[in-house]
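A.B. asks: Here is the input, now give the coordinates:
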Amino acid sequence: MHGGSLAELEINSTKEWLVHHLLGDGDASVLFGKPGDGKSVLAEDLALHIAAGRPWHGRRVKQGAVVFVALERRKLVERRAIAFRKKYDVTDLPIAFVGGVYDFRNLRIVAAIISIVKEVEAATGQQAVLIVIDTISRALCGGDENSPRDMGAIVAATSR
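C.D. replies: A predicted model of the protein is given here:
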């Protein structure tokens, strides 16, 4: 039997939070809404706060390295990061911005992203606690967000 029996479970098992009472440490989450709702802005703001170890909208965060995969409008993502740097007067954070075209249904791409995460961890000396993929539609490279097969591939990729 894999795992444990009910009797073996810890009584004081607690949830670990990346963002207190919002985003669990090690969980996969999705921001969704119609185009123009600000999903990318929120995701980047969250990522920058986690990298900086700063509370996000009054919620404690677990500080750590972040990999932000910007599959569209990378220059805009970089300008937002520069604005964050100026606002909070920080010179460096354990965050890397990755651009390009990545089809997350391809296992070679997933391996490449894992390699990038390891490089960021080595360069920063910190464990990566958050990977942002912006956006899912771009990560599917022409795949269908409503297809169980294509979305299953994304779930499998992010699990790795």
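
A.B. asks: Is residue 99 bridged to anything, and to what?
C.D. replies: With DSSP bridges applied, residue 99 shows beta-bridge pairing to residue 70.

A.B. asks: just the helices in the protein please.
C.D. replies: 39-52, 74-88, 107-124, 136-139, 148-159 (DSSP state H).

A.B. asks: okay, the ones you listed, which one's buried deepest?
C.D. replies: When neighbours are counted by mean count of other C-beta atoms under 10 Å, the highest per-stretch mean among these falls to helix 39-52, a mean of 20. In short, each C-beta sits where N, CA and C put it, glycine included.

A.B. asks: Low-confidence bits of the protein, can you list those?
C.D. replies: Along the chain, segments meeting pLDDT under 70 span 1-4, 9-13, 102, 104-105, 135-160.

A.B. asks: Export stretch 34-52 to PDB, keeping only CA atoms.
C.D. replies: In PDB, the C-alpha atoms belonging to stretch 34-52 read as follows (Å, rounded to 0.1, in the frame of the first residue of the first chain):
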ATOM      1  CA  LYS A  34     -11.700  37.300 -20.000                       C
ATOM      2  CA  PRO A  35      -9.000  39.100 -21.900                       C
ATOM      3  CA  GLY A  36      -8.100  42.400 -20.400                       C
ATOM      4  CA  ASP A  37      -9.100  41.500 -16.800                       C
ATOM      5  CA  GLY A  38      -5.600  41.900 -15.500                       C
ATOM      6  CA  LYS A  39      -4.600  38.300 -14.900                       C
ATOM      7  CA  SER A  40      -1.000  38.900 -16.100                       C
ATOM      8  CA  VAL A  41      -0.600  42.000 -14.000                       C
ATOM      9  CA  LEU A  42      -1.800  40.200 -10.900                       C
ATOM     10  CA  ALA A  43       0.400  37.100 -11.600                       C
ATOM     11  CA  GLU A  44       3.500  39.200 -12.000                       C
ATOM     12  CA  ASP A  45       2.800  41.400  -9.000                       C
ATOM     13  CA  LEU A  46       2.300  38.200  -6.900                       C
ATOM     14  CA  ALA A  47       5.600  36.700  -8.300                       C
ATOM     15  CA  LEU A  48       7.600  39.900  -7.500                       C
ATOM     16  CA  HIS A  49       6.200  40.100  -4.000                       C
ATOM     17  CA  ILE A  50       7.100  36.400  -3.400                       C
ATOM     18  CA  ALA A  51      10.600  36.900  -4.700                       C
ATOM     19  CA  ALA A  52      11.000  40.000  -2.500                       C
END
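
A.B. asks: For that stretch, give me every contacting residue.
C.D. replies: By C-beta atoms under 8 Å, 6 or more residues apart in numbering, the residues outside stretch 34-52 that reach it are 18-19, 23, 31-33, 55-56, 61-66, 68, 73, 77, 80-81, 84, 88, 90, 93-95, 129-130, 132, 134-135.
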